[in-house]
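Peer 1: Need coordinates for the following:
(one chain, ligands or ions: 1)
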Amino acid sequence: MTHAIEIADLHKYFGQNEVLKGIRMTVDPGQVVCVIGPSGSGKSTLLRCVNLLEVPTKGKVFVDGVELTDPDVDIDAVRRRIGMVFQQFNLFPHMTALQNVMIAQQRVLKRGKKEAEVVARENLDKVGVGAKCDAYPAQLSGGQQQRVAIARALAMNPDLMLFDEPTSALDPELVGDVLTVMRKLAEEGMTMLVVTHEMGFARQVADRVVFMDGGVIVEDGEPAQVIGDPQQERTRTFLHRVLHPEE
Ligand SMILES: Nc1ncnc2c1ncn2[C@@H]1O[C@H](COP(=O)(O)OP(=O)(O)OP(=O)(O)O)[C@@H](O)[C@H]1O
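Peer 2: Numbering: from 1, shown residues only. Okay, here's the model as predicted:
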C-alpha cells in the first residue's frame, strides 16, 4: 500500500538552527496521526514541510507516493490535494463566510460561481455554520471562523488534511465545536495529520500519536501507549506538564 504521507530522513535548518533532525514517519490512507510535543520542538515546521510551505534542507517527503521534494514534480497539483487548517483562521475579512469558501474553488479549481456556491453551502452546513453564510469573519466567534476555514479546505476535495494547532487560538468553550467537526471527518475516513495540544482528542481519535522533542521523534505509537504508557522519560515529563498544569 502506498503511504498517504511518507517522510524520510527530513532535516530542516533555519540558518544554523537545526529544527528537524532526521524525521522519519508515515501516515497511511484513512489514518489520523496526532503530533504532540513542547513549544519549539519543530511540530509546525514538520507539518509545513508536508506541503512545502517550508522547503526541507535534506530528506524526502512523499504524498501518495509522489515525491514533493523532486524538483520536476508539479507541486501545485499535489498541494491541491492537501487541505491545511492553521491556528489563525486566515479568512479574508472583507468577504463573507460563503465568499471565503468559494474563492479558492473559483481561482484554483476554476469552478464556476454556481458550482462553487453549492459546494461552499454544502461544506458550511457540514461543519455546522450553514446559517452564517452571509456573516463576515468579524461577526463570527473564533470557533465559527475556524469551522469556516475547515469548510474552505474541504471544499477543495482534499485527499488529506493537515491541522496546525487548530484550537489553540480559541476560547476554551469553543474548542469542543471544532474538535467535534474534526472527529466527524476522522470517522468519515479522512486522512489527517494533526499538530495538537488536545490530549483528549489525540487519545480518543488518533490511530497514532507521535511525540516530538528537540527536532526528533521520541515516541511513535498507539495513543494508549504513547499517552497512556509512555516509555521515554522525556515523554512522561511533557505529558505530566500538559495533563497536570497546576502542579
Ligand atoms: N521561518 C522561521 N525562521 C527561523 N526560525 C524558525 C522559523 N520557523 C520556525 N523557526 C524556529 O524553529 C523552531 C521550531 O518551531 P516550530 O514552530 O516548528 O515548533 P512547534 O513545535 O510547532 O512550536 P509551537 O508549539 O510553539 O508552535 C523554533 O525554534 C522556531 O523559532
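Peer 1: next one: the helix or strand bottoming out on mean pLDDT in the chain to chain centre, how far?
Peer 2: Of all helical and strand segments in the chain, the minimum by mean pLDDT, DSSP states H and E falls on helix 75-79, at a mean of 87. Its chain's average C-alpha position is 17 Å from that of helix 75-79, according to CA atoms, centre = their mean, to the nearest Å.
Peer 1: where's the next helix or strand after it relative to the chain centroid, distance-wise?
Peer 2: Per DSSP states H and E, the first helix or strand lying C-terminal to helix 75-79 is strand 82-85. Offset of strand 82-85 from its chain centre (CA atoms, centre = their mean): 6 Å.
Peer 1: Note down every partner strand of strand 82-85 and its orientation.
Peer 2: strand 160-164 (parallel) (DSSP bridges).
Peer 1: Give me the residues contacting the partner strand.
Peer 2: With contact meaning CB atoms under 8 Å, 6 or more residues apart in numbering, strand 160-164 is reached by 4-5, 27, 43-44, 47-48, 50-51, 63, 81-87, 153-154, 182, 185, 190-196. Using the backbone N, CA and C atoms, a C-beta is placed for each residue, glycine as well.
Peer 1: quick one on the thing from earlier: for the least confident helix or strand of the chain, C-alpha coordinates in CSV please.
Peer 2: Provided in CSV are the C-alpha atoms of helix 75-79 (Å, rounded to 0.1, in the frame of the first residue of the first chain):
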residue,chain,number,x,y,z
ILE,A,75,3.9,21.0,-6.6
ASP,A,76,0.7,22.9,-7.2
ALA,A,77,-1.1,19.8,-8.4
VAL,A,78,0.0,17.9,-5.2
ARG,A,79,-0.8,20.8,-2.9
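Peer 1: SS state for the nearest residue to residue 106 once chain neighbours are set aside?
Peer 2: Using CB to CB, 6 or more residues apart in numbering and skipping residues adjacent in sequence, the residue nearest residue 106 is residue 116, 5.1 Å away. The three-state assignment at residue 116 reads helix, by DSSP: H, G, I helix; E, B strand; the rest coil.
Peer 1: so of the contacts of strand 160-164, which ones are in strands?
Peer 2: Secondary structure defined by DSSP state E assigns 5, 27, 63, 82, 83, 84, 85, 191, 192, 193, 194, 195 of those to strands.
Peer 1: Cross-check these against the ligand and keep the overlap.
Peer 2: Contacts with the ligand are made by none of the ones in strands among the contacts of strand 160-164, judged by CB under 6 Å from any ligand atom.
Peer 1: Among these, pick out the one closest to the ligand, please.
Peer 2: residue 195 (6.3 Å; CB to the nearest ligand atom).
Peer 1: Which pLDDT value belongs to the nearest residue to residue 45 once chain neighbours are set aside?
Peer 2: Nearest residue to residue 45 in three dimensions, chain neighbours excluded: residue 19, at 5.1 Å (CB to CB, 6+ apart). Here, the pLDDT recorded for residue 19 equals 97.
Peer 1: Beyond the helix or strand harbouring residue 19, next helix or strand please.
Peer 2: According to DSSP H and E, residue 19 maps onto strand 17-27. Next along the chain after strand 17-27, taking DSSP H and E as the criterion, comes strand 32-36.
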